[in-house]
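1. Generate a structure from the sequence data that follows.
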Amino acid sequence: MSFQAPSGAPDPSRRLFLGFPAPEPVALPDGQPMRRRGRSGIAKAAGQESPSALTTPPATVRWLTRATHGFTAADHAELLALGADDDSRWSAWVARQLDPASIIDTDCDNRLASAGYHTLDLGVPELWNRRNTIGGSDYFERMRPVAEVESATILRQTWSRRQLFEVMVGFWHDHFSTYGWDYDGGPIFVQLDRDAIRPNALGNFRTLLETVAKSTMMMLYLDQYASTRDGPNENFARELLELHTLGVEHYAGILPPDDPGLPVGPDANGQPVRLKYVDNDVYEAARALTGWTLRNGHWQYPAENDGTFTYRLAWHDPSNKYILNRYFAYNASDNGADGRKLFDILCAHPGTARSIATKLCRRFVADNPPAALVDEVAARFQQARNDPDQIAQMISIILSSTAFKTSWGSKMKRPAMAAVSALRGLGADFVPTPSPTWSAANSMLVGDVQRAGHRWFQWLTPDGYPDVQNAWGSSSSLGMSFKLLARIPELHYDNGSGGNATPFVADVQAQTLAAFPDPATRSASRIIGYWCDRLLGFRPEPTRATVVDFLRQNVAADAPLDIVTDSNGAHTGTWNANDLSRHYTIARLRTAVALILCSPEFLRR
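-> Predicted coordinates:
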């Protein structure tokens with residue numbers, strides 16, 4: 001089939017997609033942009049829109065888009081009912097979202113109950129036994145636990161009313177990133193999500209940190225289970241300092257720990273602590289954590305083989321240690337005290353406060369968040385270090401800040417969030433479940449997200465998926481995101497041979513007909529306005545006009561379109577080369593909606 005823009009209409013080509021904020025340019029001494037020697041460069045495309053020229057959505061739409069997995073009209077209506085003005089409404093919404101247990105989530109709960117997940121309620125010993133029994137005989141069944149966590153995550157991100165909570169669950173999975181599809185760890189991944197991250201996502205960081213450290217998945221992923229006094233393994237200790245707490249920005253390199261040039265300052269308890277870590281701190285931290293391991297059937301303890309955490313005093317190095325200018329005395333009956341002391345020091349350290357605050361502000365505000373906001377959030381991290389809602393207090397500061405409320409477009413949706421946002425806006429109705437069949441809706445969805453480089457729990461290295469626009473704004477990355485988003489309105493429950501007879505995951509045609517029961521009102525202008533409202537929360541130009549022109553083809557924007565007549569249940573409409581407004585109109589309707597999904601307004605945050 002072929003569609004074309006009517007004569008004299010705005011060029012619907014690349015201009016729709018040229019509105020993403022660009023990274024800071026690297027200028028040559030003469031001030032000219034970099035280009036190959038002897039080339040004059042490419043002039044700015046005619047009609048290209050700068051980020052500031054793009055239409056800005058209303059404040060409440062912006063705030064919802066940034067604090068959830070994507071705007072929906074239902075969420076917006078609920079927000080508008082919470083107060084007399086935008087600020088009071090937003091304060092009420094944030095307070096409610098930071099108390100997720102108070103939110104009735106019946107639809108999501110029912111979907112989870114009906115999904116038929118087999119492993120999400122299994123305890124660690126059961127998961128461990130299942131893992132060992134299956135072995136390598138059935139890879140799909142072996143990896144079912146992580147696949148079911150992925151499916152349940154998609155379900156919750158799409159249909160849960162506890163949106164801010166689910167955003168924070170995703171944030172901590174990035175922060176404490178593990179490769180969920182690891183052959184050894186995938187069968188036990190349920191525990192990390194269910195028992196470590198989800199219960200503590202809005203709670204206390206110190207509690208979260210130790211719970212994650214003791215999880216079977218983290219033990220296996222970073223080899224902590226194999227760290228003994230005779231062979232300390234530094235993998236977990238290094239990532240503990242570099243990624244989980246202080247951050248690489250507080251790494252001073254290969255220096256002696258008593259180097260006089262290393263700065264010292266007060267921690268949250270007013271005690272002096274070295275502000276930067278060196279390699280020796282990593283080695284000493286590894287020694288402090290020796291003996292933290294798993295009951296994994298080790299030859300010295302063959303009867304202990306249920307996959308749960310244990311502390312083995314015989315494996316612990318009891319000798320004195322020196323970490324961040326803090327002395328650890330010799331302790332022959334340690335019982336894990338060295339490790340707990342290490343976590344206490346790290347969680348009271350100003351570097352950890354600043355590192356976590358920066359990452360949170362980066363997630364919600366900007367790739368380079370304002371220093372004043374980071375300072376305020378870091379201060380609350382330290383002040384509330386013993387509070388059970390420490391993390392929630394930090395999030396409240398961020399979402400109430402002027403920086404959050406006034407910024408827009410400095411972030412973009414990463415591919416997985418874009419996919420979930422599309423499902424939410426389109427009113428998708430299916431239950432994500434793992435399937436060995438490539439043509440199943442969930443298989444197609446996660447496959448497209450994987451090809452876009454952002455499949456859930458599939459980042460190989462422990463630094464987590466990048467959370468800056470430069471990582472996702474390249475032409476190749478955007479191209480894969482466009483393919484992903486364009487496919488979603490076309491997804492059926494089954495997408496193989498004969499799958500066209502199965503329901504759509506999100507039936508664009510049926511929802512449009514329901515919104516416009518009178519055929520005389522089904523014009524391109526009204527239909528696209530409706531879907532802009534549904535997906536974006538506003539009607540931006542030139543996006544709206546460009547998509548209207550695509551849908552109307554050779555008739556007026558307010559002329560009724562036939563989006564009912566079909567050809568043998570093909571869900572496309574009929575062939576009509578002599579009248580393009582009647583040519584495969586049902587398929588063109590879905591493509592028009594896909595164009596909105598691929599617009600910069602949809603992808604911006």
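
2. show me the contacts for residue 541.
-> residue 55 (CB atoms under 8 Å, 6 or more residues apart in numbering). Just so you know, the C-beta spots here come from the backbone N, C-alpha and C atoms, and that holds for glycine as well.

3. do the same with residue 62
-> 56, 405, 408.

4. From those, which land in helices?
-> Within those, residues falling in helices by DSSP state H are residue 405.

5. Just name the closest of the contacts of residue 62 to residue 538, please.
-> For residue 538, the closest of those turns out to be residue 56, at 8.4 Å, with distances computed as CB to CB.

6. ok, the closest one - contacts?
-> 62, 408, 409.

7. Report how many residues lie close to the closest residue in space to residue 582 that isn't next to it in sequence.
-> Spatial nearest neighbour of residue 582, excluding adjacent residues (CB to CB, 6 or more residues apart in numbering): residue 576 at 4.2 Å. By other CB atoms under 10 Å, the residues close to residue 576 number 14.

8. residue ranges with poor pLDDT in the stretch 1-150 of the chain?
-> Within the stretch 1-150 of the chain, the ranges that satisfy pLDDT under 70 run 1-54.

9. Also the chain?
-> 1-54.

10. Residue 278 bridge partners, please.
-> For residue 278, the beta-bridge assignment (DSSP bridges) gives partners residue 253.

11. List the buried residues in stretch 208-228.
-> 208-222, 224-228 (16 or more other CB atoms under 10 Å).

12. In helices, which of those fall?
-> Counting by DSSP H, the buried residues of stretch 208-228 contribute 208-214, 216-221 to helices.

13. so which pair among those is furthest apart in space?
-> The widest separation within these (CB to CB) is 18.9 Å, between 208 and 220.

14. Counting neighbours, which bits of stretch 444-458 end up buried?
-> In stretch 444-458, counting by 16+ other CB under 10 Å, buried: 444-446, 448-450, 452-458.

15. what separates residue 240 from residue 255, distance-wise?
-> For residue 240, the distance to residue 255 (CB to CB, to the nearest Å) stands at 19 Å.

16. Those two: which is more packed in?
-> Neighbour count, other CB under 10 Å: between residue 240 and residue 255, residue 240 has more, with 26 against 14.

17. What residues does that one make contact with?
-> 213, 285, 346.

18. Tell me the one among those nearest to residue 268.
-> residue 346 (11.0 Å).

19. Name the nearest residue to residue 439, sequence neighbours excluded.
-> residue 496 (3.3 Å).

20. Using the three-state scheme, assign that neighbour.
-> Taking DSSP: H, G, I helix; E, B strand; the rest coil as the rule, one finds residue 496 in the coil state.

21. Please list all residues in contact with it.
-> 437, 438, 439.

22. still on that earlier bit, verify the contact between the residue nearest to residue 582 and residue 583 for me.
-> Yes - assessed by CB atoms under 8 Å, residue 576 is found in contact with residue 583 at 4.5 Å.

23. helices and strands around whichever helix or strand residue 379 is part of, which ones?
-> Using DSSP states H and E, residue 379 sits in helix 371-383. Other elements packing on helix 371-383 under the criterion 3 or more CB pairs under 8 Å, 6 or more residues apart in numbering; DSSP states H and E are helix 350-364, helix 390-400.

24. Tell me which residues are up against the first one.
-> So that's helix 350-364. Residues contacting helix 350-364 (CB under 8 Å, 6+ apart): 66-67, 167, 171, 175, 205, 245-247, 249-250, 265-268, 273, 275-276, 346, 368-370, 373-375, 377-379, 381-382, 394-395, 398-399, 403-404, 467-468.

25. Quick check, central residue of the protein?
-> residue 170 (5.1 Å; CA atoms, centre = their mean).

26. how near is residue 68 to residue 458?
-> Per CB to CB, residue 68 is found 23 Å from residue 458.

27. so what's the backbone phi/psi at the nearest residue to residue 281 once chain neighbours are set aside?
-> Residue nearest to residue 281 in three dimensions, not counting chain neighbours: residue 323, with 5.2 Å by CB to CB, 6+ apart. Residue 323 has phi and psi values of phi -130, psi 120 when expressed as degrees, to the nearest 10.

28. Look up how far residue 274 lies from residue 323.
-> From residue 323 to residue 274 the distance is 9 Å (CB to CB).

29. Give the helix, strand or coil label for residue 526.
-> helix.

30. got a list of what it touches?
-> Residue 526 neighbours (CB under 8 Å, 6+ apart): 516, 558.

31. repeat that for 10 Å
-> 512, 515, 516, 548, 557, 558, 560, 561 (CB atoms under 10 Å, 6 or more residues apart in numbering).

32. now those residues: which count as buried?
-> By 16+ other CB under 10 Å, the contacts of residue 526 give 512, 516, 548, 560, 561 as buried.

33. Narrow the residues you listed to those in helices?
-> Those of the buried ones among the contacts of residue 526 lying in helices (DSSP H): 512, 548.

34. nearest to residue 319, of the buried ones among the contacts of residue 526?
-> residue 512 (71.6 Å).

35. which ones are touching the closest residue to the closest one other than its chain neighbours?
-> Spatial nearest neighbour of residue 512, excluding adjacent residues (CB to CB, 6+ apart): residue 527 at 5.9 Å. By CB under 10 Å, 6+ apart, the contact list for residue 527 reads 508, 512, 515-516, 521, 547-548, 551-552, 561, 563, 589, 592-593.

36. between the buried residues of stretch 444-458, which is nearest residue 291?
-> Checking the buried residues of stretch 444-458 one by one against residue 291 (CB to CB), the nearest turns out to be residue 457, at 28.4 Å.

37. Can I take it that the closest one is in a strand?
-> No - assessed by three-state DSSP, residue 457 does not belong to a strand; its assignment is coil.

38. Surely it touches residue 173?
-> Yes - with contacts counted by CB atoms under 10 Å, residue 457 reaches residue 173, the gap being 6.8 Å.

39. Now do the shared contacts for those two.
-> 149, 153, 180, 192, 193, 465.

40. Of the residues you listed, just say which sits nearest to residue 101.
-> For the shared contacts of residue 457 and residue 173, the nearest to residue 101 is residue 193 (17.9 Å; CB to CB).

41. Need the nearest residue in space to that closest one, chain neighbours excluded.
-> Using CB to CB, 6+ apart, the nearest residue to residue 193 is residue 149, at 5.0 Å.
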